[in-house]
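Asker: my questions concern the predicted model and sequence given below.
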Amino acid sequence: MSTGTSELPNGFRFDNTEPEEVQVMRDWAIAEGWNPGLNDLDLAYGFEPEAFIALRHGDELVGGGTIISYGDSFGFMGMFIVAPQFRGAGFGELLWRHRLAILKSRLSPEATIGMDGVYAMQQFYERGGFKFSHRDLRFEGLLQADCSSQIGAVVVGRDLSDVAIEAICRLDHNEWGISRSDLLRSWLRAPDVVVARIGTEVSPEGIAVLRPCERGWRFGPVIADGIDAARVLVATSTQGLSGQQVQFDIPEFNRVGLELAAELGLEVSFGCARMYHGPMPERPGPRAIGVMSFEFG
């Protein structure tokens, strides 16, 4: 597929995103109501700066998007946004096509590329070679009560040891099927993140990661063996957050996740079509309850 560079009008060009422009993209996302995590974009930029692709008009940032590489066998097309004043002129399509071509060039020929795309654009993504797998649903609402009485034998971590982080990364890889340890290490140590764990430091059986967002808090990733374990992890990680907004991104096929969202009184506010380019991976198993991020896989 063409990168679309030759199709850009005079004065427009594709480029790498500068560090200060990450905040510009975040501001655009906030204006759209996407409610990004306070540290999500900075963490991803620190992990892979070249994953942030910019479209410019002169020195002005017109649009941007991310193309994360997890090794050479899996990539993820994430955050994708164009400044409001440049929408409707075809720049979004050119930027999307360019990002896909660049990401494919960075991966092996047999690699899989994933994305969470809005439903309205699903046919467009299919024309670009993506196939539908399932829907990822965002549930949100206000926590109704402090559930600390349900905590049980759960460890809450804010300053995790290297041993604990490596064990969580292995668990995440086993359940989600994506080797994203380099990004996840930073994700787990981000400011104000809360990590609840069932099991030992070296052999965790389940985790719930909760991070602050522009508005409220968002889970991800969440791994639990059944509804009882999921309840305990959520109760532990949300101590003291009664009355605050939480968001939980759940694969629609995960029955435990849907049951948990209903118990928490959360309602669907948004959803994406999880799609893949290249070999279709197996769906995550029933323990993979909460998506890490719509933007980064």
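Answerer: That came through, no problem.

Asker: which residues in the stretch 151-297 of the chain form strands?
Answerer: 155-157, 194-199, 204-212, 217-223, 245-251, 267-277, 288-290 (DSSP state E, counting those that start in this stretch).

Asker: can you give the domain ranges for this protein?
Answerer: Domain assignment of the chain by automatic domain parsing yields the ranges 5-136, 137-290.

Asker: start and end of the last one, how far apart?
Answerer: Pointing back at domain 137-290 there. 10 Å (Cα to Cα, to the nearest Å).

Asker: and what of stretch 95-114?
Answerer: Note: stretch 95-114 ends 17 Å apart using Cα to Cα.

Asker: before we move on, what about stretch 192-204?
Answerer: End-to-end distance (Cα to Cα), stretch 192-204: 21 Å.

Asker: now it: buried residues?
Answerer: 193-199, 201, 204 (16 or more other Cβ atoms under 10 Å). All C-beta spots, glycine's among them, are computed from the backbone N, C-alpha and C.

Asker: just grab the bridge partners of the closest residue in space to residue 180 that isn't next to it in sequence for me.
Answerer: Closest residue to residue 180 apart from its sequence neighbours, by Cβ to Cβ, 6 or more residues apart in numbering: residue 70 at 5.0 Å. Beta bridges link residue 70 to residue 74 when assigned by DSSP bridges.

Asker: now residue 70: how far from residue 238?
Answerer: Look at residue 70 and residue 238: by Cβ to Cβ, to the nearest Å, they are 29 Å apart.

Asker: and for residue 96?
Answerer: According to Cβ to Cβ, residue 96 stands 36 Å off from residue 238.

Asker: quick one, longest strand in the protein?
Answerer: When the chain is parsed with DSSP state E, its longest strand is strand 130-142.

Asker: for the stretch 101-250 of the chain, give me the ranges with low pLDDT.
Answerer: Filtered on pLDDT under 70, the stretch 101-250 of the chain yields the residue ranges 145-158.

Asker: give me that answer again for 50
Answerer: 149, 153 (pLDDT under 50).

Asker: do I have it right that residue 35 meets residue 212?
Answerer: No: judged on Cβ atoms under 8 Å, residue 35 makes no contact with residue 212 at a distance of 10.7 Å.

Asker: please enumerate the helices of the stretch 1-150 of the chain.
Answerer: Secondary structure of the stretch 1-150 of the chain (DSSP state H, counting those that start in this stretch): helices at 19-31, 40-47, 91-106, 122-127.

Asker: export the ones you listed to JSON lines and tack on distance to residue 262 and mean neighbour count?
Answerer: Putting the helices of the stretch 1-150 of the chain into JSON lines (distance: least, Cβ to Cβ, whole Å; neighbours: other Cβ atoms under 10 Å) gives the following:
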{"stretch": "helix 19-31", "distance to residue 262": "28", "mean neighbour count": "15"}
{"stretch": "helix 40-47", "distance to residue 262": "27", "mean neighbour count": "20"}
{"stretch": "helix 91-106", "distance to residue 262": "35", "mean neighbour count": "19"}
{"stretch": "helix 122-127", "distance to residue 262": "26", "mean neighbour count": "13"}
